[in-house]
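Asker: Just a sequence and a predicted model for now, questions to come.
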Amino acid sequence: ATSKDKIATYHDEQGKYRNHWGIASNVPPDASAIQVEPTDFVHVTKWTRTQSNRLLFDFGVSIFDVEYTELYQPEVTGTTAKVFDIDAIRKSTVYNVLDQSTNQNASAWNSPADHFSLVRTFGGAVSYVTGTHSMRFGGALTNGNRRNVIVYTGDVAPITFNAGAPVSVTLRLPRDQREGIKRDLGLFAQDKWSLGRVTLNLGVRYSWMSNPVDNHNQLYNIVNFATDTNFSKVPNIMAKNPSKMNFDPRIGLAYDPFADHKTSIRAGFGMFHQLITPADYTPAYWNHPPWSSFQAGLQINPAAAPTFPAVPDVNTLATLPIPTSSPAWDYQSVVKTPYNMQYNITIQREMLKGTILSVGYVGSHGVSQLTQTELNKVALGPNGLTVNTTNGNGGMNVAGTAVQLWNAGNGRLNPKLGSFVGFIPTTTTR
């Protein structure tokens, strides 16, 4: 643009078409999908300004946008148009057929869908050099959306057989799943500080993400496992935003102890937060009302937040269907974001010309890692079946083999992920 301003742009657009997506030994051509990508591109634009020989600005934006479909074959819907035609899908009377004895699919694809993803990132930084310091400050903000539309022919999939004998028909409700990132913010500051024989790399990063919500205010959870007897409507995925204190300090050191350029000592330490994402909590919330109509082996009334079933009489337990497990997200206790602390030190010495001896230590320590635990006490009933026991204050009783809990905890779980000590002599032939 000018002698001081430069603009760089990168654009990569792809369009894919696969006529028999998912074909396999148990998925013949008629039961495979057609994959089409109407939209698929990555775009990056960056502006850089050299204000002076000490000061540099750079700002940029990146966009990732993709839509890809898993379409039925034309013989299924009666249309050759390469679009996700919901009306044509619903009118079709050709269904996915599954034979349990061979796991063989036939007639129609078993996972029709239209997928959308859009991610935008806006970022910038300022670099400044003065004396023995080389500093850089910046940040990035990311937002975006994801959508997944699933509609089956006749709202049926699959029709199940076992060695030719009919077993069941599964009715499928159409699904239009939408989720997104409102604000994913990252800020950083770093400085490379040269002090003669010692060079320090100092930095800190702050990572923040908004506490997730449901646009239709349909989030239900067990707020207190000790006292609650039903699900309650909650405003967010977590009671408090665990990312508010996600500060990650980092330091690196390089030292020439004898000033002969033959011996070096390098060390480093860093903290790295792992933001809690939909992949962590949605498996639990999917099993909560109103998204689940079957919980803990008993039917749920969709018109109200359901109460947990009473503990079955152990004398009649053998005649009841074995209930399923009841996963739940710990609404109250997830108050910290999981993070790792990584640290290392390495000593190198040139022993002979072309021969270097290196001794190093590398460590990694995980804190507040997500885990699963059982909050509803259980006892062994007749015939080895697991039944619930009531708690002392008449609180929650969940019929089921387990209540799974994903809990970042309050620093209560601090597993050491692993360490490595290595002695690696290196010889270079010239």
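Answerer: Received it, and whenever you're ready, just let me know what you need. Since we're looking at a predicted model, the values are computed, not measured.

Asker: start to end distance for stretch 194-214?
Answerer: From its first residue to its last, stretch 194-214 covers 50 Å (Cα to Cα, to the nearest Å).

Asker: same deal with stretch 210-227?
Answerer: Across stretch 210-227, first to last residue, Cα to Cα, it's 29 Å.

Asker: Please point out which parts of that stretch sit buried.
Answerer: N211, P212, D214, L219, Y220, N221, I222, F225 (16 or more other Cβ atoms under 10 Å). Placement of C-beta: from N, CA and C, glycine included.

Asker: Now the fourth one. Nearest residue, chain neighbours left out?
Answerer: Think L219. Excluding its sequence neighbours, the residue lying closest to L219 (Cβ to Cβ, 6 or more residues apart in numbering) is V234, at 5.1 Å.

Asker: so the one you found touches V223, yeah?
Answerer: Yes. Counting by Cβ atoms under 8 Å, V234 does reach V223; the two are 6.8 Å apart.

Asker: Mind listing the shared neighbours of these two?
Answerer: Y331 (Cβ atoms under 8 Å, 6 or more residues apart in numbering).

Asker: Could you pull up the contacting residues of R49?
Answerer: K4, D5, K6, L56, F57, D58.

Asker: Buried ones among those?
Answerer: Neighbour counting with 16+ other Cβ under 10 Å marks L56, F57, D58 as buried within these.

Asker: and the second one, what is it in contact with?
Answerer: This means F57. Residues near F57 by Cβ under 8 Å, 6+ apart: T48, R49, Q51, G124, A125, V126, S127.

Asker: hmm, 6 Å instead?
Answerer: Neighbouring residues of F57 by Cβ atoms under 6 Å, 6 or more residues apart in numbering: R49, V126.

Asker: before we move on, the earlier item: kindly reformat the buried residues of stretch 210-227 as TSV containing distance to E37, secondary structure and pLDDT.
Answerer: Compiled in TSV, the buried residues of stretch 210-227 are given as follows (distance: Cβ to Cβ, whole Å; DSSP: H, G, I helix; E, B strand; the rest coil; pLDDT from 0 to 100):
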residue	distance to E37	secondary structure	pLDDT
N211	33	coil	92
P212	28	coil	91
D214	29	coil	87
L219	33	coil	88
Y220	36	strand	85
N221	37	strand	85
I222	41	coil	81
F225	45	coil	72
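
Asker: Nearest to D65, out of these: which one, please.
Answerer: P212 (22.2 Å; Cβ to Cβ).

Asker: That closest one touches I237, doesn't it?
Answerer: Yes. In this structure, P212 is within contact of I237 by Cβ atoms under 6 Å, at 4.2 Å.

Asker: For stretch 115-135, the averaged confidence score.
Answerer: Across stretch 115-135, pLDDT averages out at 97.
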